[in-house]
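Colleague: Next come a sequence and a model predicted from it.
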Amino acid sequence: MPETHALFDSADFLATSGPGRRIVQIKPGEPFFSQGAHADSIFYLQKGRARLTVLSQSGKEATITLLAARDFIGEEAMAAEGGLRMATATAIVACTALKIERAEMIRVMHAEHGFSDVFLSFLLARSMRIQADLVDQLFNSSEKRLARILLLMAEFGKSGEPETIIPKITQETLAEMIGTTRSRVSFFMNRFRKMGFVSYNGRIQVHKSLLKVILYDQPPAQKAPAQNAVSASLLGTSAGESKPAKRASERLSKSEQTSRPGK
């Protein structure tokens with residue numbers, strides 16, 4: 001009988017360790033990598049939240065974006081061999097990630113077109129998010145920019161139910177991300193709380209009603225109530241996620257449930 005080869009499973013590749021890749025645990029506050037370091041690998045965030053920051057020559061730090069499960073981190077490693085990290089990626093909460101060596105990532109992208117589609121979909125979604133961030137920064141008020149960041153952190157606009165309780169984040173970091181002062185962030189957060197858009201109980205809980213801040217002044221056709229998630233175009237996120245990445249996440253969740261000791 002002719003020899004048969006098992007079909008490549010992108011979800012399994014992203015969920016498990018193997019040649020050229022291994023699962024790593026990153027504690028809160030620890031870096032995945034630092035700005036200026038050699039870009040020799042790429043990370044796939046399986047669980048947790050992280051942020052991407054840059055440091056200017058004068059020592060001023062700015063937060064570029066927040067990262068969530070099913071995001072790739074450090075894709076600049078694919079641009080050119082011997083390149084340097086353009087930013088620092090730091091865990092906000094405890095993170096589980098798959099660290100993939102550059103050579104292995106290139107190999108599998110060339111050999112498996114299905115996986116290449118997964119990575120390309122991510123890059124396109126990231127590009128759209130960056131464009132939406134730029135438009136938001138140029139045309140929206142700081143209050144709307146803050147509302148959008150909170151909704152993105154709660155994953156409104158993605159498939160599935162949003163995680164309304166967002167990871168711990170300081171007002172200073174939020175101010176960096178929207179280009180305003182901490183006092184203005186504090187003012188807006190207090191107003192959001194009084195209006196019932198957010199709640200405080202040690203952590204910030206984002207309510208769907210916060211969408212009113214973004215939808216305000218939009219044409220009537222765009223003011224219609226959302227279903228379970230806001231229109232992706234308003235938040236600059238993709239309408240869904242690739243099936244392999246989603247299956248990888250589901251597989252990880254099942255693995256965690258089976259390994260969890262009985263109550």
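Modeller: The structure has been received and is ready for your questions.

Colleague: quick one: Gln35 and Met86 touch, right?
Modeller: Yes: with contacts defined as CB atoms under 8 Å, Gln35 counts as touching Met86 at a distance of 6.8 Å. Using the backbone N, CA and C atoms, a C-beta is placed for each residue, glycine as well.

Colleague: Show me the common contact partners of the two, please.
Modeller: Val54 (CB atoms under 8 Å, 6 or more residues apart in numbering).

Colleague: where do the strands sit along the stretch 1-150 of the chain?
Modeller: Counting by DSSP state E, counting those that start in this stretch, the stretch 1-150 of the chain has these strands, from start to end: 21-26, 31-33, 41-47, 50-55, 61-67, 72-73, 88-91, 95-101.

Colleague: between those strands, which gets nearest to Met189?
Modeller: Met189 lies closest, by CB to CB, to one member of the strands of the stretch 1-150 of the chain: strand 61-67, at 16.8 Å.

Colleague: Show me what the closest one is in contact with.
Modeller: The contact list for strand 61-67, computed with CB under 8 Å, 6+ apart, reads 45, 49-56, 73, 87, 89, 92, 129-130, 133, 149, 152-153, 173, 176-177.

Colleague: mind checking how far the residue most central in space within the chain is from Phe188?
Modeller: Residue closest to the average C-alpha location in the chain (CA atoms, centre = their mean): Leu67, at 2.6 Å. Per CB to CB, to the nearest Å, Leu67 is found 24 Å from Phe188.

Colleague: Also Glu172?
Modeller: 14 Å.

Colleague: now Thr65
Modeller: Thr65 is 20 Å from Phe188, by CB to CB.
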